[in-house]
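Colleague: after the sequence you'll find the predicted model.
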Amino acid sequence: MDLAAPIQEVKGIGPKTAEILHKAGIFTLRDLVYHLPRDYENFQQAQKISDLKPGNVVVKAKVEDIKIRRMRRNLILVEATLRDKSGAIKTIWFNQPYRAKQFDAGKDYYFSGTMAFSYGHYQISNPSATLAEDYDAKASTAKIQPVYPARGSIKSQDFKKFINAIKNNIALTPDMIPNYEGRADALFDVHFPETLEAAKAGREYLATEELFSLLLAARLNREENQKLRTQAIHGDMDELKTFIAKLPFQLTNAQRRATWEIVQDMEQEIPMNRLLQGDVGSGKTLVAALSCLVAAQSGAQAAIMAPTEVLATQHAESLSKLFGKKLRIALLTGSTKHKPELKKHIKNGEVDLVIGTHALITDDTEFRNLGLAIIDEQHRFGVMQRQKLLAKAHTMPHLLSMTATPIPRSLQLTIFGDLSVSILDELPAGRQPITTKIISPNSTKQMWSAIENELAHKHQVYYICKKIDDKGASELSSVKKEVQKITHQFPNYNVAYLHGKMKSTEKDEIMTLFSNGEIDILVSTTVVEVGVNVPNATVMVIADADQYGLSQLHQLRGRVGRGSDASYCYLINSNSDTPTRRLREIERSQDGFYLAEVDLKLRGPGELYGSLQHGALDLRIATITDTKLAHRADNLVKQFRQEGYNMLEYKELSDAVRKYQRLTTLN
Ligand code: ADP
Ligand code: MG
């Protein structure tokens, strides 16, 4: 049987079952074979009941006194006593009413579950149950039983049967990747392991195989990119140096290095595709600006696309200040007036640098000669939006993407393949560290007097709340309530608020007033998070700080500490007196890359990179943290390309790679 055969060909799968499996994305034998166990039960390790200790346990026992109880809120409990020669223990199943009728009295079953002390006695909760005689009779080799993730009404036991029905096929599975032998063994060991080590090794083989497809896709995209041609941009390096020398401050080494990398990329006829990754406040905008200067000097136009109007406007203002008459800069957002005229200027090449929002990519925006496209906060844009910007050039332009979400170095290979990355891991000189303090809700007095002191020095304050108003049951801080309190508390200062439900013109107005120093205290939800730069703001208060992820706290804190004055971040921990690990970490570190590593450990990759819209997230077997396997896969990819294999001759592989090529948008 072919791996591409439909699942209906498996013994035991009729039309009804097939329908449920289809809904779960399982169509072919391959899909079924790759529905891997989520865990294993090891019946060899069955213990006497009298020897059990809390934790994961396996026992061989008879069932007594089984009772079903219907509780409130649709909760159904099935309780029983498990007994072997050594003793007895209680067991309980939640919402599994079929358990009440499952057992033959007098027969032995294997139970595998977690034993813990609760409701005044030890019990095993939600154990799996397998008829011992079935298992003991035929399982001389199958000592270890897989547990499959259920799909709809199809349970682990059913998957076990289906997989058993195609056992012989699995043993004959051909390799997917030339030069990477052992797929049949790996699949066999995952489904029918003789030891847990064998199962683990099998899984690693399959994870490597998956990473191979991902990394090959990234490499092929890159190779495609290398075939494209665009205009080489040769800036005047002397002029660039003179310009840099005249800046009121020194570039950081990281900025210097990144600018140099970009300049060199742009000198090629192969379009640049570089990611500029920098911690908050590391000065990405300046690197982008210098790149635009180089492009303009060579006669090409540049465009910077930002996710919000506030941010685009701020970039336009700060770059106009930076360049004076040197560059002709235009701002193009939804609320720009005289758009048709402006667009004419852009089309005629009378503008060197266009800074804008999504308004940049509407159909009627045309460039005379777009040579460099820059996307700020790139993870906030979708694939289509990025492509639309690129399509504004006559040939593929040079592309610089920027992000303030630090990706731990350990993950770069898995996430970006061999995409070119420049890293700003250094803050400009003269920045003072942001004094960060965890505050308990009963001891905010000191915080408020420190804030008063900052206000007296004409500095500004952000106060971040979780909610907009007090609807709903939760006790979390709300913008509306805090605005009232704070206005009352500081009658001599201007207090304003900002949240996501306001019209974008209103939001812009408030943000502009705040950046002009006309608002002293801004009470807001997390909408201030994106890139806004107000160097005069020195205090960031985050109410209910325990409710946020580490990376988000770091981003929020990064709104202050942008000038040369000392800054403060107060994290109000409302939930309990003991601060969470997250809060303690953010209190002690200001290194975004370090915090990203910690966040990754605490929350797992899905949470953290959910916003990256990247193919890596579609991994089913591997995780992006499998760095060892990623390197193994990367070597296999290099070998594959060096030895000149033609992917098209490997149907299954090319299907897998194509899927990732479509998803791998950064490459
Ligand atoms: P981010 O990387 O978070 O986008 P910005 O580009 O907004 O950071 O820069 C933050 C602030 O640092 C801005 O006020 C900018 O003018 C300033 N800045 C950038 N580079 C330097 C430097 N080399 N020395 C001093 N200040 C700098
Ligand atoms: Mg920025």
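Modeller: Thanks, I have it. Ligands and ions are numbered 1, 2, ... in the order given.
Colleague: quick check: chain neighbours aside, which residue is closest to residue 593?
Modeller: Residue nearest to residue 593 in three dimensions, not counting chain neighbours: residue 406, with 4.6 Å by Cβ to Cβ, 6 or more residues apart in numbering. All C-beta spots, glycine's among them, are computed from the backbone N, C-alpha and C.
Colleague: how close does that neighbour get to residue 599?
Modeller: As judged by Cβ to Cβ, to the nearest Å, residue 406 and residue 599 stand 10 Å apart.
Colleague: which residues are common contacts for those two?
Modeller: residue 551 (Cβ atoms under 8 Å, 6 or more residues apart in numbering).
Colleague: the residue nearest to residue 593: which element?
Modeller: Element membership for residue 406 (DSSP states H and E) is empty, with no helix or strand holding it.
Colleague: correct me, but it touches residue 277?
Modeller: Yes - counting by Cβ atoms under 8 Å, residue 406 touches residue 277, with 6.3 Å between them.
Colleague: so residue 538 sits in a helix?
Modeller: No - looking at residue 538 with DSSP: H, G, I helix; E, B strand; the rest coil, it is strand, so not inside a helix.
Colleague: mind checking the SS state of residue 522?
Modeller: Residue 522 is classified as strand under three-state DSSP.
Colleague: got it, and residue 185?
Modeller: helix.
Colleague: okay, now it: neighbour count?
Modeller: 16 (other Cβ atoms under 10 Å).
Colleague: next one: whichever residue of the stretch 451-600 of the chain sits closest to ligand 1 from residue 582, what distance?
Modeller: In the stretch 451-600 of the chain, the residue that lies nearest ligand 1 is residue 533 (4.3 Å; Cβ to the nearest ligand atom). Applying Cβ to Cβ, the value for residue 533 to residue 582 is 25 Å.
Colleague: quick one: which of these two has more around it?
Modeller: Using other Cβ under 10 Å, the more surrounded residue of residue 533 and residue 582 is residue 582, with 22 against 17.
Colleague: name all residues that make contact with the more buried one.
Modeller: With contact set as Cβ under 8 Å, 6+ apart, residue 582 has these partners: 546, 548, 549, 550, 553, 599, 602.
Colleague: which of the residues in the longest helix seen in the chain are buried?
Modeller: Criterion DSSP state H: the longest helix present in the chain is helix 196-227. Going by neighbour count (16 or more other Cβ atoms under 10 Å), the buried part of helix 196-227 is 198-199, 201-222, 225.
Colleague: bridged to residue 567, which residues?
Modeller: Per DSSP bridges, the residues bridged to residue 567 are residue 434.
Colleague: what's around it, how many residues?
Modeller: 24.
Colleague: what parts of the stretch 351-500 of the chain come near ligand 1?
Modeller: Within the stretch 351-500 of the chain, the residues that sit near ligand 1 (Cβ under 6 Å from any ligand atom) are 404, 428.
Colleague: again, only this time at 5 Å
Modeller: Within reach of ligand 1 by Cβ under 5 Å from any ligand atom, the stretch 351-500 of the chain has these residues: residue 428.
Colleague: pull the contacting residues for the residue in the stretch 351-500 of the chain positioned nearest to ligand 1.
Modeller: Of all residues in the stretch 351-500 of the chain, residue 428 sits closest to ligand 1, at 3.1 Å by Cβ to the nearest ligand atom. By Cβ under 8 Å, 6+ apart, the contact set of residue 428 is 249, 252, 281, 282, 283.
Colleague: and the pLDDT for it?
Modeller: For residue 428, the pLDDT comes out at 90.
Colleague: can you report phi and psi for it?
Modeller: phi -50, psi 150 (degrees, to the nearest 10).
Colleague: what about the closest residue to residue 581 other than its chain neighbours, distance to residue 580?
Modeller: Leaving out its chain neighbours, the residue that sits closest to residue 581 by Cβ to Cβ, 6+ apart is residue 602, at 6.5 Å. As defined by Cβ to Cβ, residue 602 lies at a distance of 9 Å from residue 580.
Colleague: may I ask you to name the longest strand in this protein?
Modeller: strand 55-70 (DSSP state E).
Colleague: what mean pLDDT does that strand have?
Modeller: On average, strand 55-70 scores 92.
Colleague: re earlier: next secondary structure after the longest helix of the chain?
Modeller: Counting by DSSP H and E, what follows helix 196-227 is helix 237-246.
Colleague: what residues does whichever helix or strand comes after that next one touch?
Modeller: Note on helix 237-246: by DSSP H and E, the next helix or strand toward the C-terminus is helix 253-266. Helix 253-266 has contacts (Cβ under 8 Å, 6+ apart) with 232-233, 235, 237, 240, 251, 272, 274, 276, 278, 282-283, 286-287, 290-291, 294-295, 371-372, 398, 400, 420, 422-426.
Colleague: now, of those, which are buried?
Modeller: For the contacts of helix 253-266, buried by 16+ other Cβ under 10 Å: 233, 235, 240, 251, 272, 274, 276, 278, 282-283, 286-287, 290-291, 294-295, 371-372, 398, 400, 420, 422-426.
Colleague: among these, name the ones in helices.
Modeller: Per DSSP H, those map to helices at 240, 286, 287, 290, 291, 294, 295.
Colleague: for the residues you listed, give me a markdown table that also has distance to ligand 1 and pLDDT.
Modeller: Formatted as a markdown table, these follow (distance: Cβ to the nearest ligand atom, whole Å; pLDDT from 0 to 100):
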| residue | distance to ligand 1 | pLDDT |
| --- | --- | --- |
| 240 | 15 | 95 |
| 286 | 4 | 97 |
| 287 | 8 | 98 |
| 290 | 10 | 98 |
| 291 | 13 | 98 |
| 294 | 17 | 97 |
| 295 | 18 | 97 |
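Colleague: what's the pLDDT at residue 352?
Modeller: Per-residue pLDDT puts residue 352 at 97.
Colleague: mind listing what the residue nearest to residue 581 touches?
Modeller: So residue 602 contacts 550, 581, 582 (Cβ under 8 Å, 6+ apart).
Colleague: related to what we said a few turns ago, and the residue nearest to residue 593, its phi and psi?
Modeller: The phi and psi values for residue 406, taken as degrees, to the nearest 10, are phi -70, psi 130.
Colleague: kind regards, and thank you for your time.
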